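# Here is my input; please provide its structure:
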Amino acid sequence: MNLILWILLGLIAGWLASVITRTNNRQGTLMDIIFGILGALVGGVIMNFLGQPGITGFSIYSIIVATIGAVILIWLGRLVRS
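Predicted structure coming up:
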């Protein structure tokens, strides 16, 4: 059940990040999930560095942290490609 919640959190966070960065028309659901899950890891590391808790379970706070991480990943991906 925990894996399903991580995938769901990744889907929501990845989708939000793709809407924020306007890449939702170019990437599919699978990329949204991948960016969301990796974004959760990146966002958790950043929040721990700032002295805040990282991902704390399936909550609004965790979705925000994962979305911030996914937006950063998408932004870095754009820098590398250009």
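# so where's this structure shaky on pLDDT?
For the chain, the stretches with pLDDT under 70 are 1, 24.
# what about the helices in it?
Listed in chain order, the helices of the chain (DSSP state H) span 2-20, 29-49, 60-81.
# Contacts for the shortest one, please.
With CB atoms under 8 Å, 6 or more residues apart in numbering as the contact definition, helix 2-20 has outside contacts at 24, 27, 29, 31-37, 39-40, 55, 58, 62-63, 66-67, 69-71, 73-74. In short, each C-beta sits where N, CA and C put it, glycine included.
# Return the set of buried residues in that helix.
Neighbour counts using 16 or more other CB atoms under 10 Å place Trp6, Leu9, Gly10, Leu11, Ile12, Ala13, Gly14, Trp15, Leu16, Ala17, Ser18 of helix 2-20 among the buried residues.
# And for stretch 35-53?
By neighbour count, with 16+ other CB under 10 Å as the criterion, the buried positions of stretch 35-53 are Phe35, Gly36, Ile37, Leu38, Gly39, Ala40, Val42, Gly43, Gly44, Met47.
# can you list contacts of it?
Residues from elsewhere that reach stretch 35-53 (CB under 8 Å, 6+ apart): 6-7, 9-15, 17-18, 27, 54-55, 61-62, 65-74.
# now with 10 Å?
By CB atoms under 10 Å, 6 or more residues apart in numbering, the list of residues contacting stretch 35-53 from outside reads 6-18, 21, 23, 27, 54-56, 61-74, 76-77.
# Could you do stretch 71-79 as well?
Residues outside stretch 71-79 that contact it (CB under 10 Å, 6+ apart) are 13-14, 16-18, 20-23, 27, 31, 34-36, 38-39, 41-43, 46.
# show me the residues around Ile63 that make contact.
By CB under 10 Å, 6+ apart, the residues touching Ile63 are Leu8, Leu9, Gly10, Ile12, Ala13, Leu16, Gly36, Ala40, Gly43, Ile55.
# And the residues you listed, which is closest to Arg81?
In terms of CB to CB, no member of those lies closer to Arg81 than Gly36, at 19.8 Å.
# Quick check: that closest one vs Ser82, distance?
Using CB to CB, to the nearest Å, Gly36 is found at 23 Å from Ser82.
# Could you do Gly54 as well?
Applying CB to CB to Gly54 and Ser82 gives a distance of 30 Å.
# Noted, bye for now.
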